[in-house]
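Trainee: Coordinates only, no sequence provided:
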């Protein structure tokens, strides 16, 4: 009746939920979804929680709290997850500045890192959270759980709550979308996807935070030998992230700028800073 009288504005872009096509990756590690949600400590301090979820199994591979979340925090959390679960074939995020700089006609540190590792990066189109629907829905589950707990007074207390929930969620809590299996059961049930790019390092890979000293250097221990890496006096006092793959070392500022990239020479105590 209202339509016939012209009192309803048609919006064909707003499709009913019944028309949505649900997507799920075929294999564990085929795709990880990452997103940030907001929470508050007991004193009202606003913090951010970064969650990374496996698309196929819904396994929570990372849940970290920051205040606020920087692009280098995403890289660090990603690598800690990869140590425990292996590198995924692809990553899916929204268009947040900590994930992508495409809208600024550039690349942020996470995009550079995924490209270096041969991992495919995808992001949703603006204002379309349904693309990252699994991790968005997980935010709700996590917040309902946290709301039943005493509010954490510090980042450390909240991180402890996140760690406890991650263990429960992954190994004990049955998931309706998984046929009442736990995410870990779904994770173990199938073979794992691997990155298709050629550059994922096979050797030792780790991430370490440091600060450039007054002489413009950072240190790295290699086979019990302390090596000094030149970054430049202009960066003295700068907090940095060291991305280490055997002898390959990259030094990245907290703002995501690549300050130095070099290959360690184990025969020398001092390593001159490589070019970004």
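Mentor: Arrived safely. Keep in mind that this is a model prediction, so the values were computed, not measured. Numbering: from 1, shown residues only.

Trainee: Please name the nearest non-neighbouring residue to residue 272.
Mentor: residue 230 (5.2 Å; C-beta to C-beta, 6 or more residues apart in numbering). The way it works is simple: take the backbone N, C-alpha and C, and place the C-beta from them, glycine included.

Trainee: residues near that neighbour, how many?
Mentor: Each residue near residue 230 was counted by other C-beta atoms under 10 Å, and the total is 19.

Trainee: Would you mind measuring from it to residue 257?
Mentor: The spacing between residue 230 and residue 257, counted by C-beta to C-beta, to the nearest Å, is 16 Å.

Trainee: May I see the buried residues of the helix of greatest length in the chain?
Mentor: Counting residues, the longest helix found in the chain (DSSP state H) is helix 155-171. Neighbour counts over helix 155-171 (16 or more other C-beta atoms under 10 Å) mark 157-159, 161-162, 165-166, 169-170 as buried.

Trainee: which one among the residues you listed gets closest to residue 149?
Mentor: residue 161 (6.0 Å; C-beta to C-beta).

Trainee: surely that closest one meets residue 146?
Mentor: Yes. Between residue 161 and residue 146 there is a contact under C-beta atoms under 8 Å: 6.4 Å.

Trainee: Looking at the longest helix of the chain now, give me its mean pLDDT.
Mentor: If you average the pLDDT over helix 155-171, you get 98.

Trainee: Show residues contacting it.
Mentor: Helix 155-171 has contacts (C-beta atoms under 8 Å, 6 or more residues apart in numbering) with 39, 41, 47, 49, 59-60, 63-67, 141-142, 145-146, 149, 152, 182-184.

Trainee: Surely residue 115 forms part of a helix?
Mentor: Yes. Per DSSP: H, G, I helix; E, B strand; the rest coil, residue 115 lies within a helix segment.

Trainee: just the buried members of the contacts of helix 155-171?
Mentor: Neighbour counting by 16+ other C-beta under 10 Å classes 39, 41, 47, 49, 59-60, 63-66, 142, 145-146, 152, 182-184 among the contacts of helix 155-171 as buried.

Trainee: same for the helix or strand hosting residue 140, what does it pack against?
Mentor: Using DSSP states H and E, the element containing residue 140 is helix 133-147. In terms of contacts (3 or more C-beta pairs under 8 Å, 6 or more residues apart in numbering; DSSP states H and E), helix 133-147 is packed against strand 32-40, strand 46-54, helix 155-171.

Trainee: Give me the angle between the last one and strand 46-54.
Mentor: Okay, so that is helix 155-171. Calculated by axes from the mean of the first three to the mean of the last three C-alpha atoms, to 10 degrees, helix 155-171 forms an angle of 20 degrees with strand 46-54.

Trainee: quick one: average pLDDT of the next helix or strand along the chain from helix 155-171?
Mentor: Using DSSP H and E, the helix or strand that directly follows helix 155-171 along the chain is helix 183-188. Mean pLDDT, computed over helix 183-188, is 96.

Trainee: cool, and stretch 113-130?
Mentor: Mean predicted confidence for stretch 113-130 is 76.

Trainee: got the contact list for the closest residue to residue 53 other than its chain neighbours?
Mentor: Excluding its sequence neighbours, the residue lying closest to residue 53 (C-beta to C-beta, 6+ apart) is residue 135, at 4.6 Å. Applying C-beta under 8 Å, 6+ apart to residue 135 gives the contacts 33-35, 51-53.

Trainee: From those residues, pick the one nearest residue 74.
Mentor: For the contacts of residue 135, the nearest to residue 74 is residue 34 (7.1 Å; C-beta to C-beta).

Trainee: Next, work out how far apart the closest one and residue 60 are.
Mentor: From residue 34 to residue 60 the distance is 11 Å (C-beta to C-beta).

Trainee: any shared contact partners between the two?
Mentor: 51-53.

Trainee: Tally up the residues packed near residue 221, please.
Mentor: 9.

Trainee: so it makes contact with residue 229?
Mentor: No. In this structure, residue 221 is not within contact of residue 229 by C-beta under 8 Å, at 11.3 Å.

Trainee: Can you get me a residue count around residue 28?
Mentor: 27.

Trainee: Check what pLDDT it gets.
Mentor: 96.

Trainee: contacting residues for it?
Mentor: 54, 56-57, 59, 186-187, 190, 192-193.
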